[in-house]
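> One predicted model, sequence on top.
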Amino acid sequence: MKLVFREEVWPIAGAFAISRGSKTEARVVVAEVTDDEGSGRGEAVPYARYGESVDSVLEQIRSVEPNLEAGADRAALQTLLPPGAARNALDCALWDLAAKGTGRRAFELAGFARLDPVKTAYTLSLGPADAMARAALAAARRPWLKLKIGGPDDLDRVEAVRRAAPKARLIVDANEALSMDALVRLAPDFERLGVEAIEQPLAAHEDAALEGFASPVLLCADESIHSRAELHACARRYGCINIKLDKTGGLTEALALRADALALGLKIMAGSMVATSLSMAPAMLIAQAAAFVDLDGPLLLAKDRAPGLAFIGSMIQPYGPEVWG
């Protein structure tokens, strides 16, 4: 087996801002594995919040290149690398390769009878309330809006978005920016405004405080959940988990996490970093029958990879093997 990997840079349309900062480009790592049967690709986004950089992810991939060239499979990969972007790029590439080599689609290999279209949320970057209202007005016909929050004017932001998009279903994402006091204060108002989920309100290392808190709005873990290792702790604190392949280290662990979370009665959000359709395509398997879907990365880019996913409004259509899997 031959392995090729590289960094790619994809400009964002404008800027993407959350409580931790803003960026104008998506820097991704693409891995491609090739054998006598064909080739497969995977894409991942190194994330500084988890101690990753493009250089560190490229070095992690380089460290297992001999193993891949010697024929290491997806099962072996789970022990060769920890959860994270490097393993994600390689794991998804191996899934794609297996699909190409067997002539079966990746969703079939994962046990799904078919791949259904899914409806994604559309993300509004953090900003002043009036700016977020303008963005919401422009996107008011989308069925789901996901608001980034993280500051003293959060209630003003949500109220402004609700006025601008009265029919949209709302998710609020704090990216760890709230205190427990702020959450207790804001949650009833968010319920009044029709917010259906609050994503990662507290810092991951502080979220034990959520145990016993009867939130009037569903709480969804993001930074607190990477793999099955954190699942049972999250089940005591949240009613939903955001599964991202860059956190789980690929589709293999993401599917296992999805199954275990559903068995515990948790709701699923299928999420991703800002990236191209090559990142979103394998996450579509996690999105099947998920309560929430946040796979709008290609909609936030100035230009997507071609061939890429087809969006009809906010509906992501099933894709062919030329995209992935």
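Right, received. Where do you want to start? Numbers count the residues shown, from 1 in each chain.

> Which stretches in the chain count as strands?
For the chain, the strands defined by DSSP state E cover 2-18, 21-35, 38-44, 118-119, 122-124, 144-148, 169-173, 195-199, 218-221, 240-243, 267-270, 292-293, 311-312, 315-316.

> any idea of the mean pLDDT for the longest helix along the chain?
Counting by DSSP state H, the longest helix found in the chain is helix 85-102. Helix 85-102 shows a mean pLDDT of 97.

> Equivalent analysis for stretch 269-284, please.
pLDDT averaged over stretch 269-284 gives 98.

> how distant is it from the center of its chain?
6 Å (C-alpha atoms, centre = their mean, to the nearest Å).

> Quick one: end-to-end length of it, please.
Taking C-alpha to C-alpha, to the nearest Å, stretch 269-284 runs 11 Å from one end to the other.

> What are the phi and psi values at the residue nearest in space to the middle of the chain?
The centroid of the chain falls nearest to S272 when counting by C-alpha atoms, centre = their mean (1.8 Å). Phi and psi for S272, reported as degrees, to the nearest 10, are phi -160, psi 170.

> Go ahead and confirm it touches G297.
Yes: proximity of S272 to G297 meets the contact threshold set by C-beta atoms under 8 Å, at 5.5 Å. In this view, the C-beta of every residue, glycine as well, is placed from N, C-alpha and C.

> any residues in contact with both of these two?
279-280 (C-beta atoms under 8 Å, 6 or more residues apart in numbering).

> Could you give the number of residues near H205?
9 (other C-beta atoms under 10 Å).

> Report the contact partners of it.
With C-beta under 8 Å, 6+ apart, H205 has no contacts at all.

> So for A235, what's the pLDDT?
A235 is given a pLDDT of 98.

> start the count at 650, not 1, going forward
Okay, residue one is now 650; in that scheme the one you just asked about reads as A884.

> what's the nearest residue to it if we skip its chain neighbours?
L913 (5.0 Å; C-beta to C-beta, 6 or more residues apart in numbering).

> Could you report the pLDDT at the one you found?
pLDDT, L913: 98.

> what about it, distance to D945?
Using C-beta to C-beta, to the nearest Å, we find L913 at a distance of 27 Å from D945.

> These two: which has the busier surroundings?
Using other C-beta under 10 Å as the criterion, L913 and D945 rank with D945 on top: 22 against 11.
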